[in-house]
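Novice: just coords:
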């Protein structure tokens, strides 16, 4: 990571100006993320992202082409070819304005829902091929693996019990039973940016692919079930998704039977990452982390096939 960050910064500067320049009036570089799975640097109006080690070049290439084709839904890349850098694949994007985390009342739930519905109803046949699988379930399974590797933790047991109740497809051990539709794979409000033209678009195509569209509604559903998202915000999101013709849930009535399994899987994923971080940092769980672990404890007592409407 030490060698990657300055190299990525130099690369985004060159890309921002199209030619090397010693100085400019773009202001200081901004490191937007520096994690094992992604390093993101902004210079001026350009963002460079170094994708996770081991990223499949063919899968990423198709995902970039899909983003370019669906530029009214997904932020299009600045070029459809990833650049190798220090063993990582790097892509370039127009900088946008993220959701303001300090102003939850202004959260664009309607925009997120409408973009998701548009993505889910896009015919796969007209997109670049071969489309990869949506990687949401695989990310959940990796979170469980990470928790196990972090060592013993008192909160791991309820997460393991909740995980064990899920069907094989939700644990990335079998294909999803529903017809594969185009999905984002990792939807949360951090995956939206407002462009200079004023449009909200989805970002981060790393998990984009064919799968169960319920997965894209699962994190807001899980937050609602855990008490971390208000009923008003959940209703705004769900109503907008239905109004836009989203296929993940019925057009009316109780949505939970369609969302229950995916929401449980996202809850287990979130809890597993919380436990792994708690163990790695040798600290107790915070209030939000404890809430998702407690939700896992409740889920384990009522497996999905017995849950009438909700994980609450």
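Specialist: Looks like it came in fine. What you see is a predicted model, and the numbers here were worked out from it, not measured in a lab.

Novice: pretty sure residue 34 is touching residue 5, no?
Specialist: Yes - counting by Cβ atoms under 8 Å, residue 34 touches residue 5, with 6.5 Å between them. To be clear about C-beta, it is placed using only N, CA and C from the backbone, and glycine gets the same treatment.

Novice: okay, and for the chain, where does confidence drop off?
Specialist: The model of the chain has pLDDT under 70 over residues 1-2, 18-23, 25, 305-312.

Novice: at 90 what do you get?
Specialist: Counting by pLDDT under 90, the chain shows low-confidence ranges at 1-39, 41, 43-45, 79-81, 85-87, 100-107, 175-180, 196-197, 226-228, 300-312.

Novice: helices or strands up against the strand or helix carrying residue 15?
Specialist: Applying DSSP states H and E as the criterion places residue 15 in helix 4-17. Judged by 3 or more Cβ pairs under 8 Å, 6 or more residues apart in numbering; DSSP states H and E, helix 4-17 is in contact with strand 38-43, strand 46-51, strand 83-85, strand 88-94.

Novice: Next secondary structure element downstream of that helix?
Specialist: Counting by DSSP H and E, the next helix or strand C-terminal to helix 4-17 is strand 30-34.

Novice: circling back: contacts for the helix holding residue 15?
Specialist: By Cβ atoms under 8 Å, 6 or more residues apart in numbering, the surrounding residues in contact with helix 4-17 are 20-21, 24, 26, 29, 31, 34, 39, 41-48, 50, 78, 83, 85-86, 88, 90, 92.

Novice: Which residue ranges of the protein form helices?
Specialist: Assigned by DSSP state H, the helices in the chain fall at 4-17, 57-69, 109-120, 136-149, 156-164, 214-225, 231-243, 256-281, 287-301.

Novice: Mind listing residues that contact the shortest one?
Specialist: What that stands for is helix 156-164. Contacts of helix 156-164 (Cβ under 8 Å, 6+ apart): 144, 147-148, 171, 264, 267-268, 271-272, 275, 293-297, 299-300.

Novice: re the thing from before, closest one to residue 184 among the helices of the chain?
Specialist: helix 214-225 (5.1 Å; Cβ to Cβ).

Novice: Quickly note the distance from the residue nearest the centre of the chain to residue 256.
Specialist: Using Cα atoms, centre = their mean, the residue of the chain that lies closest to the mean C-alpha position is residue 186, 2.0 Å off. Distance of residue 186 to residue 256, computed by Cβ to Cβ, to the nearest Å: 21 Å.

Novice: what's the answer for residue 117, then?
Specialist: As judged by Cβ to Cβ, residue 117 and residue 256 stand 18 Å apart.

Novice: Compare the two (neighbour count), which wins?
Specialist: Between residue 117 and residue 256, residue 117 has the larger neighbour count (other Cβ atoms under 10 Å), namely 23 against 17.
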